[in-house]
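Colleague: Model the structure of this input:
(chains A and B)
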2 protein chains.
Amino acid sequence: MTRTDTTIAAELIRILPAGRVITDPDVALGLSHDQAAWGPVGTPAAVVRARDSAEVQQVVLACLKHGAPLVPRGAGTGLSGGANAIDGGVVLVLEAMDSILEVDPLERIAVVQPGVVNDDLRSHVATQGLWYPPDPASSPWSTIGGNMATNAGGVCCVKYGVTRDYVIAAEVVTGTGEIVRLGRRTAKGVAGYDLLGLMVGSEGTLGVITEITVKLRPLPPAGVVVVGSFAKTVQAGAAVRAARAAGLQPAALELVDRHCLAAVDAWKNMGLSTEGEVLLLARFDDAEAVTDAERMLECFRAAGATLADRSETAEEAEMLFAARRLAYPALERLGPVMTEDVCVPIAAVTEMLARIDRIAQRHNVTIANIAHIGDGNLHPLLILAPGDEAKNARAHAAFEEIMSEAIDLGGTITGEHGVGLLKQPGLHRELSPAVLEMHRAVKRALDPAGIFNPGKIFDAARS
Amino acid sequence: MTRTDTTIAAELIRILPAGRVITDPDVALGLSHDQAAWGPVGTPAAVVRARDSAEVQQVVLACLKHGAPLVPRGAGTGLSGGANAIDGGVVLVLEAMDSILEVDPLERIAVVQPGVVNDDLRSHVATQGLWYPPDPASSPWSTIGGNMATNAGGVCCVKYGVTRDYVIAAEVVTGTGEIVRLGRRTAKGVAGYDLLGLMVGSEGTLGVITEITVKLRPLPPAGVVVVGSFAKTVQAGAAVRAARAAGLQPAALELVDRHCLAAVDAWKNMGLSTEGEVLLLARFDDAEAVTDAERMLECFRAAGATLADRSETAEEAEMLFAARRLAYPALERLGPVMTEDVCVPIAAVTEMLARIDRIAQRHNVTIANIAHIGDGNLHPLLILAPGDEAKNARAHAAFEEIMSEAIDLGGTITGEHGVGLLKQPGLHRELSPAVLEMHRAVKRALDPAGIFNPGKIFDAARS
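Modeller: Numbers count the residues shown, from 1 in each chain, chains lettered A, B, ... in the order given. Next up is the predicted model:
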């Protein structure tokens, strides 16, 4: 490389401190995709690991100068291909910006760099009796920046909401290469448009997030866990409806289906699958937890639960949640798992599960289900077969049909994982042409050069 | 008027059903402004009371054709001039679109037209044991559409959040005259940009809201009210900080200052002002209400409260809140009240109150204060003098300085009332030029013809 090398890679090496541009091809390759099961992965011109906002700004300015696409990424735990590299572009890795800059227990806020791992933030603030609620399954690895970019959810959002409900301010490098602050540190505020909310869930297509201020809550107690086995899925649906009607507000309300239970039993021999075809798990974490747990047990029994029990100790609570925790790794023993993510009205959950069963049969694919049933958010888990292209094509077809059925039931193609590359066909079915056109207009407004993660979520060019 | 009359008024009379265009000049005048104390009020070319989305669309299309500005309005209870008419434009009144279209107790959602009055929605859903939390002081008159357009708050948002936290879907007539649906009916969803959140608080500058879907919660009990009198404002500040540190989560936490107490005493002789210079009121509404109320009393007493008590009955609870409820009408006996609205960090509330006192002295204006202190959201109440232009000019200057001090303390110029016309100078001080430019870009993207409430919030043309 000489001074006359005008490629963006050469310029980035020139303008950034030593070591920021990753030259090891294997490392660069590992940073060029997320955990999506399929979808195109491009070959980037450069992979950069930035250390501060000024470096991020330099990368953005270089991309503007060269017209190069920029893909920001955190830990790469996404499941929709949102962080997949684009040919000739720059992958901007933010995981080294991992400082917790401030925790203010009076205001109940934390200020973090985007690369802070979700669980690291949680354990850090827990020492001050505080809690950051959003808890995606990826929390041991995923970053707050990635969580913000995808508006990540998790188990506890049935009571406590999603990432969007906790992000109150951010520093962002914009499509014109400026460093701006959006939102505010105060509890309330309506000064101008909610541009911050627009950034949440925009999957890196509107700017690069370089600092995040989140709300915290007082740390709740571990709580009481209730478990119920049901011979029929429709009975579990009835139990959930009865709990809603009773005004119960669990901090988690999860469903684990027969395929998951069988996989856990095959691995751990817990005898779960003999009790019925579906397990419900609820957690209550407030002052009324024991009373509410008893009321939930009544709902379970009235709906015909073959087994219904609640935890007496924190250890028992953990143990009762084991089936949920072990479901995913148990299924992975059967093959690579493709995680779907749809959300339907509560009333439609059992019908959606029945339709998923029919899709599985039609395409001869095993589809297990875990669900944040309290939110109507289902995660059908499609078991793939490495090397078996025919089977994987059938799984791909099933994946599309699940989205279509969710739309048909008044739901959405993605409850918490985002659109990325994999769900674009579904997005175009869910949103009207006029709404897609509004997306394109906003994209052009905030990213006039079209450098930020182009081709993700929707096709920005089509008009 | 003949067929050759090409004015927008003539066209609207022609295309809309009889009676939609308001011809009575007094009625039209009354619908041409909100309740802001100052700010320009234009003379509209037409005032239209629409009955359905199709009529709204026709009005938008007519405005596009004529290049006429359109000001949507609900009940006109806004305090920032956001609904003030624009010369030669159309005022589009949505209060006749006042149907509650659906209440779904299982999904806990309601679908309403924009003209439904906040309290009407609350009393309607209460019959099904459900609750719509956002409770602006205007709730007996203000509409859900207006609440959405301004992202209205209220007393209970310290625990339950603001309008933005409850709006999950809307039908909107866009800047290209299309009727679109934004958001979704499901509990979660991340399919595309949060264009719905962008509409919330956009004060009619990005589209006309024609239908709204809101989340509901189970109706909480009336709860327990705690009251404390403090000789010094700083003691009240200490009590609030102690309650935060104790992890207490009141459903309301209000401050009433000495000016308000004196005005209430002068009217109702309740003896409130003899106890101290500030009153704190808290409400607890969950299962632990009595216990939490006792803990709050401890915080009050430890901070030096001269009097601290809690309600034993629902009637007592109502009575103890009387000072808060009567403060505003008591002040109105002294003259027209200009309501300020700033929000600062919790830690800065007492300093902000001290600065407001100094501003009042400097400008020789009476400024009373009520505050949603649990959110750091202050409402300084400036007493105006009809006809005394010099005094009103001093009040205006004080109004500006209060915003500047809020920004200086890390706060915002508006916690819940919006920017409209009155707070634009403050907005330009709060937001950076780059962020204002992002606002303009988004405005141009979604309202390319610039017809929606131009000149409100910010100057869209300046670039």
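Colleague: For the rest of this, base every contact and every neighbour count on C-alpha atoms.
Modeller: Noted.
Colleague: what pairs with residue A:282 across the strands?
Modeller: For residue A:282, the beta-bridge partners under DSSP bridges are residue A:226, residue A:253.
Colleague: which residues sit in contact with it?
Modeller: By Cα atoms under 8 Å, 6 or more residues apart in numbering or on different chains, the residues touching residue A:282 are A:225-227, A:250-254.
Colleague: Counting neighbours, what do you get for residue A:25?
Modeller: Residues lying near residue A:25 (other Cα atoms under 10 Å in any protein chain shown) number 11.
Colleague: distance of it from residue A:32?
Modeller: Residue A:25 is 10 Å from residue A:32, where distance means Cα to Cα, to the nearest Å.
Colleague: what's the closest of the contacts of residue A:282 to residue A:342?
Modeller: Nearest to residue A:342 among the contacts of residue A:282: residue A:254, at 14.6 Å, using Cα to Cα.
Colleague: Now that that closest one has come up, it's in contact with residue A:370, right?
Modeller: Yes. Contact criterion Cα atoms under 8 Å: residue A:254 and residue A:370 qualify, at 7.3 Å.
Colleague: hey, what's in contact with both of the two?
Modeller: Taking Cα under 8 Å, 6+ apart as the criterion, residue A:254 and residue A:370 both touch residue A:324.
Colleague: What lies in contact with stretch A:340-360?
Modeller: Under Cα under 8 Å, 6+ apart, the answer for stretch A:340-360 is A:233-234, A:237, A:241, A:366-367, A:373-382, A:398-399, A:401-403, A:405-407, A:409-417, B:106-107, B:185-189.
Colleague: Contact residues of the stretch 101-250 of chain A facing chain B?
Modeller: The stretch 101-250 of chain A comes close to chain B at residues A:105-107, A:150-151, A:165, A:178, A:180-182, A:184-195, A:197-202, A:218, A:241, A:244-245, A:247, as judged by Cα under 8 Å from any Cα of the partner chain.
Colleague: Let's see that with 6 Å instead.
Modeller: In this structure, the stretch 101-250 of chain A approaches chain B at residues A:186-191, A:193-194, A:198, A:202, A:218, A:247, judged by Cα under 6 Å from any Cα of the partner chain.
Colleague: Compile those into TSV and extend it with columns for pLDDT and secondary structure.
Modeller: Output for these, formatted as TSV (pLDDT from 0 to 100; DSSP: H, G, I helix; E, B strand; the rest coil):
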residue	pLDDT	secondary structure
A:186	97	coil
A:187	96	coil
A:188	97	coil
A:189	97	coil
A:190	97	coil
A:191	97	coil
A:193	98	coil
A:194	98	coil
A:198	98	helix
A:202	98	coil
A:218	94	strand
A:247	92	coil
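Colleague: pLDDT below threshold where in chain A?
Modeller: Counting by pLDDT under 70, chain A shows low-confidence ranges at A:1-4, A:461-463.
Colleague: Quick one: residues in contact with the longest helix that it contains.
Modeller: In chain A, taking DSSP state H as the definition, the longest helix is helix A:389-408. Contacts with helix A:389-408, where a contact means Cα atoms under 6 Å, 6 or more residues apart in numbering or on different chains, come from A:363, A:384, A:412-413.
Colleague: what does stretch A:60-75 give?
Modeller: A:83, A:89-95, A:115, A:142-143, A:146, A:177, A:451-453.
Colleague: Okay, and which of the residues you listed map to strands?
Modeller: Using DSSP state E, the members of the contacts of stretch A:60-75 that fall within strands are A:90-93.
Colleague: These also near chain B: which ones?
Modeller: The subset of the ones in strands among the contacts of stretch A:60-75 lying close to chain B, counting by Cα under 6 Å from any Cα, is empty.
Colleague: Turn those into TSV, including neighbour count.
Modeller: Listed next are the ones in strands among the contacts of stretch A:60-75 as TSV, based on neighbours: other Cα atoms under 10 Å in any protein chain shown:
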residue	neighbour count
A:90	31
A:91	30
A:92	26
A:93	26
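Colleague: which parts of whichever helix or strand comes after the longest helix of chain A are buried?
Modeller: The helix or strand immediately downstream of helix A:389-408 is helix A:424-430, counting by DSSP states H and E. By neighbour count on 16 or more other Cα atoms under 10 Å in any protein chain shown, the buried set for helix A:424-430 is A:424-428, A:430.
Colleague: Same question for stretch A:355-366.
Modeller: Buried-residue list, stretch A:355-366, by 16+ other Cα under 10 Å: A:355-357, A:359-360, A:365-366.
Colleague: Which ones among those residues map onto helices?
Modeller: Judged by DSSP H, those include A:355-357, A:359-360 as members of helices.
Colleague: Sketch out the strands for the stretch 251-400 of chain A, chain order is fine.
Modeller: A:252-257, A:278-284, A:307-310, A:337-339, A:342-343, A:367-372, A:377-383 (DSSP state E, counting those that start in this stretch).
Colleague: Other residues contacting the last one?
Modeller: Taking contacts as Cα under 6 Å, 6+ apart, the residues outside strand A:377-383 that touch it are A:335-343, A:366-371, A:415.
Colleague: Stretch A:286-294 now?
Modeller: Counting by Cα under 6 Å, 6+ apart, stretch A:286-294 makes contact with no residue outside itself.
Colleague: try 8 Å
Modeller: Contacts for stretch A:286-294 (Cα under 8 Å, 6+ apart): A:220-221, A:223-226, A:248, A:283-284, A:310, B:287-288.
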